[in-house]
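[1] Sequence first, predicted coordinates after that:
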Amino acid sequence: MGIQFGFALQNSNASHILQTYGADVEHLSLYWLAAPITGMIVQPIIGHYSDRTWNRLGRRKPYFLTGGILACIALLFMPNASLVLFLSPIMVGAGVLMIMDASFNVAMEPFRALVADNLPDSQRSLGFSVQTCFIGVGAVAGSILPWVLAHVLAPEKVLPGHVQHNIIYSFYVGAIVMIGCLAWTIFTTKEYSPAQYATFHPDEPEHEEEKGILTIFTDFKNMPATMRQLGLVQFFSWFALFSMWVFAAPAVAQHIYHIPAGDTTSVKFQDAGNWVGICFGVYNGISAVFALLLPTIARLTSRKITHAISLIAGGVGLLSIFFIQNPNMLILSMIGIGLAWGSILGMPYAILSGSIPAKKMGVYMGIFNFFITFPQIINGFFGGWIVKSIFGGQAIYAIVLAGIFMLCGAVSVLYVQDNKDIKFLPVETVEPEPVETFEAAKNIEQHTI
């Protein structure tokens with residue numbers, strides 16, 4: 001909840017802040033680019049070492065505590081980049097955005113491994129759904145806080161290059177909430193020791209420690225088929241999400257509020273940015289509620305069908321923004337996006353966790369992050385160019401493209417192999433021959449499957 005409180009502040013306000021510092025719309029995706037590149041490198045390394053870590057804090061907790069502290073520091077600096085007099089505010093802001101986004105990812109991925117560590121496969125859909133619910137609660141609070149403070153504080157016309165006070169104070173609150181929630185988790189959450197964990201998975205071999213960190217490349221090469229198939233789903237989903245986070249604020253300002261490009265000091269521009277925050281809060285709120293329904297829907301259909309339906313709702317929601325002229329109607333679009341977001345945060349991980357070795361949960365969760373960061377990197381390099389050269393600087397068409405990609409993700413998830421969804425044909429009952437050893441029994445079971 002704490003991590004997502006800060007993450008929501010970043011998602012709904014970073015582009016707005018960077019435009020305030022002087023960034024052009026077509027360059028926004030480039031400023032967001034360093035974070036996924038950093039995440040692509042850091043995540044597998046963190047996963048690798050967290051699988052092999054055990055100290056007084058536990059296995060996963062040392063890593064998401066470190067990431068959380070770094071993210072808190074970045075939250076304090078992001079809206080105050082203009083105070084660094086000897087550097088350009090836009091460069092300081094872009095650098096802090098890189099550190100902040102990478103730190104959020106450092107904190108979040110070990111937490112997903114922690115959820116999988118503590119639950120059997122039969123409970124992981126519910127576990128990730130509950131996690132998604134708390135993610136939604138934190139994200140709603142973080143998204144709407146600037147709007148709330150804007151109504152508490154007197155309206156202001158800020159100086160060029162300076163961020164309005166309601167956003168500055170929101171980032172301060174976000175840092176406090178994040179460190180408080182992390183402290184609660186550190187002191188109240190139990191992790192199983194390596195000895196206890198081994199009793200749950202006695203059939204898995206120990207790590208080959210002598211190969212060290214280079215085993216990441218071997219693990220990447222040997223990733224399960226389910227992970228490869230989910231990679232395409234994740235590409236479409238996260239390309240769409242990155243477009244929404246980067247271009248939603250300028251798209252709403254241009255297409256719905258009809259604010260001229262380059263106007264970053266008017267009260268109307270601030271209103272547009274604050275309303276985008278409210279919209280982001282709505283979709284996060286919808287995701288929190290929908291997350292609690294996901295296990296039931298998955299039992300009635302399947303995890304793949306559940307995810308496909310959710311992504312269709314998200315694609316329709318994104319496409320509908322193009323046809324809206326009244327800002328209040330954006331709430332309807334956010335409902336569909338919230339359904340998709342709720343499923344994206346939980347369902348792929350529930351599908352994935354059943355196909356990977358328990359003792360490599362951390363490293364494979366980190367490697368899986370590659371399929372989150374890679375589409376963002378592609379979008380970062382080409383998204384701004386597409387908006388400028390193909391869409392004529394109109395950010396709304398980036399949102400339309402995001403909707404199309406979300407629908408493509410809905411189709412691709414239907415071709416993913418989910419071990420839980422395997423159905424067994426009825427067979428003739430035969431009295432089995434006596435089994436002498438556990439290994440023989442295990443081989444028979446695998447052959448039957």
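    Alright, I've got the coordinates.

[2] wait, what's in contact with the most centrally placed residue in the chain?
    Closest residue to the average C-alpha location of the chain: Leu345 at 6.2 Å, with Cα atoms, centre = their mean. By Cβ atoms under 8 Å, 6 or more residues apart in numbering, the contact list for Leu345 reads 128, 131-132, 135, 287, 291. Heads up, the C-betas are built off the backbone N, CA and C, glycines and all.

[3] Return a PyMOL selection command for the buried portion of those residues.
    To isolate the buried members of the contacts of Leu345 in PyMOL, using 16 or more other Cβ atoms under 10 Å:
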select buried, resi 128+131+132+135+287+291
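
[4] Quick check: the farthest pair among the contacts of Leu345?
    Maximum pairwise distance among the contacts of Leu345 (Cβ to Cβ): 12.2 Å, between Phe128 and Ser287.

[5] In terms of pLDDT, where does Ala74 sit?
    On the pLDDT scale, Ala74 is placed at 89.

[6] just His207 next, same as before
    At His207, the pLDDT value in this model is 50.

[7] And for Thr429?
    38.

[8] before we move on, what about Lys442?
    With respect to pLDDT, Lys442 has a value of 45.

[9] what do you get for Tyr364?
    Here, the pLDDT recorded for Tyr364 equals 83.

[10] So what's the gap between the longest helix seen in the chain and the chain middle?
    Assignment by DSSP state H gives helix 267-300 as the longest helix of the chain. For helix 267-300, the separation from the chain centroid amounts to 14 Å (computed by Cα atoms, centre = their mean, to the nearest Å).

[11] do the same with stretch 245-254
    That offset, for stretch 245-254, works out to 19 Å (Cα atoms, centre = their mean).

[12] And stretch 69-81, by the same measure?
    That offset, for stretch 69-81, works out to 19 Å (Cα atoms, centre = their mean).

[13] Same check on stretch 378-387?
    The chain centroid and the centroid of stretch 378-387 are separated by 20 Å, computed with Cα atoms, centre = their mean.

[14] just the CA coordinates of it, formatted as CSV?
    This file holds the C-alpha atoms of stretch 378-387, laid out as CSV (Å, rounded to 0.1, in the frame of the first residue of the first chain):
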residue,chain,number,x,y,z
ILE,A,378,10.5,0.4,-26.8
ASN,A,379,7.8,2.9,-26.1
GLY,A,380,10.2,5.3,-24.5
PHE,A,381,12.4,5.3,-27.6
PHE,A,382,9.7,5.5,-30.2
GLY,A,383,6.5,6.7,-28.4
GLY,A,384,7.5,10.4,-28.5
TRP,A,385,8.7,10.2,-32.1
ILE,A,386,5.4,8.6,-33.1
VAL,A,387,3.4,11.3,-31.3
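
[15] can you give me the mean pLDDT across it?
    91.

[16] where in the stretch 151-300 of the chain is pLDDT low?
    Along the stretch 151-300 of the chain, segments meeting pLDDT under 70 span 154-158, 201-213.

[17] Show me the helices in it, by range?
    Under the criterion DSSP state H, counting those that start in this stretch, helices of the stretch 151-300 of the chain are mapped to 165-188, 194-200, 215-221, 225-255, 267-300.

[18] In terms of secondary structure, what does the third one contact?
    When you say that, I think you mean helix 215-221. Identification of packing neighbours for helix 215-221 by 3 or more Cβ pairs under 8 Å, 6 or more residues apart in numbering; DSSP states H and E yields helix 34-51, helix 361-368.
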